[in-house]
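Fold the following.
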Amino acid sequence: MRLEITCEDRLGLCQDVLQILRAHEIDLRGIEVDTKGKIYLNFPELAFEDFRHLMPEIRRIPNVQDVKTVPYLPSEREHFEFNLLLSTLPDPVLSVDSKGRIDIINDAAKDLLTGKQENIQGEQVSQYVNGFSIARWLEKSPTDPVVEQVSIGSSQYYATLLPIWVNDDTGKDAFAGAVLTCQSEPVTEQWQRGENFDAFNHLICDHPSMRNLLKDAARMAELDAALLIEGETGVGKELLARACHFASARHDSPLLAINCAALPDNVAESELFGHAAGSLTHHSEAKKGILEQAEGGTVLLDSVGEMSIGLQAKLLRFLEDGMFRRIGEEREVSVDVRIICTAQGSLYEQVEQGRFREDLYYRLNVLALAIPPLRERKSDIILLAEHFVAEACKKLGRSQVTLTRSAKDTIKRYQWPGNVRQLENTLFRSISMLEGDRLEAAHLRLPELPSEEDKLAVDLEDGTLDEAVRKFESTILRRLYPSYPSTRQLARKLGLSHTAVANKLREYGIGKQRQRNKRKPEQTKST
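You can find the predicted model right below:
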């Protein structure tokens, strides 16, 4: 039972109320006093006869204006409001005391830390959050908030820690712990672009191969030589190329890109080098190409392996002396740009097949980066998935979605032939169709991939066992040959004799075909 007592002056009134309750042998559970002249009492339900005598006695106390029953105390309402607000927040939020023990935690944080709705109040937060010593930070009684990268399970998050300071009536402050919120990326652009800013920050990864790749990329970004980025479709070649530009001394100048696979040869040449007035049609105006427009900056040649042999010759000449002619002009133009190229797979294989100039390959391959496919860096998959889920929720304007344990297991087991792009598109589509706030494995629509046994069976269906073995053997040799161009090195790698490997290379036209096509591109005249 709750009572609200309205009074003019509270001085001594609480003592009078307590004496009446003691006289009636009523067990007082709680008392609250606000600044508006109200006193609230909380005690067990009374029988009607007892309650009928209690109310007049309280009303007869001097300065009491009114007494009435109420359904709840102000603190109870605040408590339920706080719990409701906290439980519906999409971001994981928890508070810890000054010793690092979890005091309050919302549902999103429980899901993140334990994978289920498990009560972990009273436990040390360091059992669940790694990568930054929260306990050591709390020992310093900090006054300023910090943003730190932390590890939770196999994923990484940015934790915002807000210190809690409480002051008493005398104005003395006491440190009481901190509130911690977790997000898949920094919440403020200022944090990203402050002293800790790094052009590669937005490239999310945890796998050692990717960390080493980004270290190499950061060093190569500072150089001004041509850069070649290779990798399967969807691994993020263009994203890495842009990061290299923004980490370079040319970051204040333009970064312009051209997709060599998307444009016909004559259009690609015009886009890249520009053309004179009337050179394409009677009424066509003069146009500067991307190379001129990007003066002082960077030109990104996407899918450079799809560029025609004729255009390759003109690009080679530009790389040699920094000069070129626009279509329909005799005057040479000189520009200062850095060239970054991307290629799907190994560009050297196209050199082997005679589809790409060997001399141009070595001009472009001054600095090289090879991005591993997503299936070879399993520890990055969930990290990226959590990020894409958060991004999808922002774009769709909906509350945060939680990836369940079954969904994470399915995502991690899948081979992702389309790599990071396929993972992002799959999660966006799944969240778009999701009705609740928990993404289960059943909500993921993933195409079935043939197993290795099925692939071998398909090879056998296309021919004999001997033909399938030869095809497999040829593929292995073609992939290894660029890294081991000496037959002796390749023989040592495969555990075969030098003669056996040399015979195999000759049989499959590996190396020999490169020599046969070596002179052909050089005969193409520069335009």
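
use CA for all of it now, contacts and neighbours both
Noted.

and residue 32, what does it touch?
39, 40, 41, 73 (CA atoms under 8 Å, 6 or more residues apart in numbering).

do that again at 6 Å, thanks
Contacts for residue 32 were tallied using CA atoms under 6 Å, 6 or more residues apart in numbering; they are 39, 40.

In a helix, it, correct?
No - Residue 32 is assigned strand when assessed by DSSP: H, G, I helix; E, B strand; the rest coil, not a helix.

ok, now how distant is it from residue 44?
From residue 32 across to residue 44, the span is 16 Å (CA to CA, to the nearest Å).

cool, residue 464 as well?
For residue 464, the distance to residue 44 equals 88 Å [CA to CA].

again, but for residue 9
26 Å.

do residue 5 as well
Separation of residue 5 from residue 44 (CA to CA): 17 Å.

higher neighbour count, those two?
Per other CA atoms under 10 Å, whichever of residue 5 and residue 44 has more neighbours is residue 5, with 19 against 11.

Just to check, that one is in contact with residue 67?
Yes - if you go by CA atoms under 6 Å, residue 5 and residue 67 touch, sitting 4.6 Å apart.

Where do the strands of the stretch 151-300 of the chain begin and end?
155-167, 173-183, 227-231, 255-259, 274-275, 287-288, 298-302 (DSSP state E, counting those that start in this stretch).

Which neighbouring elements make contact with the third one?
Under the contact definition 3 or more CA pairs under 6 Å, 6 or more residues apart in numbering; DSSP states H and E, strand 227-231 sits against strand 338-344, strand 367-370.

Could I get the contacting residues of residue 367?
For residue 367, the contact set (CA under 6 Å, 6+ apart) comprises residue 227.

So it versus residue 480, what's the distance?
From residue 367 across to residue 480, the span is 20 Å (CA to CA).

what does residue 25 give?
Applying CA to CA to residue 25 and residue 480 gives a distance of 91 Å.

List the beta-bridge partners for residue 332.
Taking DSSP bridges as the rule, residue 332 bridges to residue 325.

What's the local residue count around it?
Neighbour tally, residue 332, other CA under 10 Å: 10.

got it, and the one 10 residues further on?
Other residues near residue 342 come to 27 when the count uses other CA under 10 Å.

Can you mark which positions in stretch 490-509 are buried?
With burial defined by 16 or more other CA atoms under 10 Å, the residues of stretch 490-509 counted as buried are 490, 491, 501, 502, 505, 508, 509.

same thing with stretch 242-256?
Across stretch 242-256, burial judged by 16+ other CA under 10 Å covers 242, 243, 244, 245, 246, 247, 248, 250, 251, 254, 255, 256.

any chance of those residues in JSON lines, with distance to residue 468 and pLDDT too?
As requested, the buried residues of stretch 242-256 are exported to JSON lines (distance: CA to CA, whole Å; pLDDT from 0 to 100):
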{"residue": "242", "distance to residue 468": "41", "pLDDT": "93"}
{"residue": "243", "distance to residue 468": "42", "pLDDT": "93"}
{"residue": "244", "distance to residue 468": "42", "pLDDT": "94"}
{"residue": "245", "distance to residue 468": "44", "pLDDT": "94"}
{"residue": "246", "distance to residue 468": "47", "pLDDT": "91"}
{"residue": "247", "distance to residue 468": "47", "pLDDT": "91"}
{"residue": "248", "distance to residue 468": "47", "pLDDT": "91"}
{"residue": "250", "distance to residue 468": "50", "pLDDT": "92"}
{"residue": "251", "distance to residue 468": "50", "pLDDT": "90"}
{"residue": "254", "distance to residue 468": "49", "pLDDT": "92"}
{"residue": "255", "distance to residue 468": "45", "pLDDT": "93"}
{"residue": "256", "distance to residue 468": "44", "pLDDT": "93"}
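
Show only the entries of those residues found in helices.
Those of those mapping onto helices are 242, 243, 244, 245, 246, per DSSP state H.

residue contacts, the second one?
Put plainly, it is residue 243. With CA under 6 Å, 6+ apart, residue 243 has these contacts: 199, 200.

And for the third one?
If you count contacts by CA under 6 Å, 6+ apart, residue 244 has them with residue 221.

Also the fourth one?
When contacts are counted by CA under 6 Å, 6+ apart, residue 245 is found next to residue 251.

With residue 226 as the reference, measure out to it.
12 Å.

do the second one as well
If you measure residue 243 against residue 226 using CA to CA, the figure is 15 Å.

Please apply the same query to the last one.
Using CA to CA, one obtains 15 Å as the distance from residue 246 to residue 226.

domain ranges for this protein?
Domain assignment for the chain, taken from automatic domain parsing, gives 2-76, 89-192, 208-370, 374-443, 452-521.

so how far does the fourth one reach from one end to the other?
Yep, that's domain 374-443 we're talking about. 21 Å.

in the helix or strand hosting residue 412, what counts as buried?
Element membership for residue 412, per DSSP states H and E: helix 405-413. Using 16+ other CA under 10 Å as the test for burial, helix 405-413 gives 405, 407, 408, 411, 412.

gap between residue 495 and residue 488?
With CA to CA as the criterion, residue 495 and residue 488 are 10 Å apart.

before we move on, what about residue 311?
Note on residue 311: its distance to residue 488, by CA to CA, is 36 Å.

With residue 428 instead?
Taken as CA to CA, the span from residue 428 to residue 488 is 49 Å.

got it, and residue 123?
Residue 123 is 60 Å from residue 488, where distance means CA to CA.

So for residue 428 and residue 488, which residue has more residues nearby?
Higher neighbour count among residue 428 and residue 488: residue 428, with 20 against 16, using other CA under 10 Å.

tell me the SS of the closest residue to that one other than its chain neighbours?
Setting aside the residues directly before and after it, residue 428 is nearest to residue 392 in space (CA to CA, 6 or more residues apart in numbering), at 5.5 Å. Here residue 392 is recorded as helix under three-state DSSP.

and residue 392, how many residues sit next to it?
Number of residues near residue 392 (other CA under 10 Å) recorded here: 22.

Hmm, residue 426 and it touching each other?
No - in this structure residue 392 lies outside contact range of residue 426 using CA under 6 Å: 10.5 Å.

ok, residue 25 and residue 480, which is more surrounded?
residue 480 (13 against 9).

tell me the SS of residue 330?
Three-state assignment for residue 330 (three-state DSSP): coil.

Can you check the pLDDT for it?
Per-residue confidence (pLDDT) for residue 330: 81.

Give me the neighbour count for it.
If you count neighbours by other CA under 10 Å, residue 330 ends up with 11.

do the same with residue 87
Applying other CA under 10 Å, we find 17 other residues in the vicinity of residue 87.

so where does it fall, helix or strand?
Here residue 87, judged by DSSP H and E, is contained in helix 74-88.

Show the average pLDDT along that helix.
The model assigns helix 74-88 a mean pLDDT of 77.

in it, what counts as buried?
Neighbour-count burial for helix 74-88 flags 86, 87 (criterion: 16+ other CA under 10 Å).

got a list of contacts for it?
Contact with helix 74-88 is made by 106, 107, as judged by CA under 6 Å, 6+ apart.

ok, the next helix or strand after it: who's next to it in the sheet?
Sequence-wise, the next helix or strand downstream of helix 74-88 (DSSP H and E) is strand 93-96. Paired strands of strand 93-96, with direction, are strand 102-105 (antiparallel), strand 173-183 (antiparallel) (DSSP bridges).

what's the angle between the last one and strand 155-167?
Note on geometry: by axes from the mean of the first three to the mean of the last three CA atoms, to 10 degrees, strand 173-183 and strand 155-167 are set 160 degrees apart in direction.

List the buried residues for strand 173-183?
For strand 173-183, a neighbour-count test (16+ other CA under 10 Å) marks 175, 176, 177, 178, 179, 180, 181, 182, 183 as buried.

contacting residues around the second one?
Counting by CA under 6 Å, 6+ apart, residue 176 makes contact with 97, 98, 164, 165.

The first one is in contact with residue 177, isn't it?
Spelled out, that is residue 97. Yes - assessed by CA under 6 Å, residue 97 is found in contact with residue 177 at 4.1 Å.

Much appreciated, bye for now.
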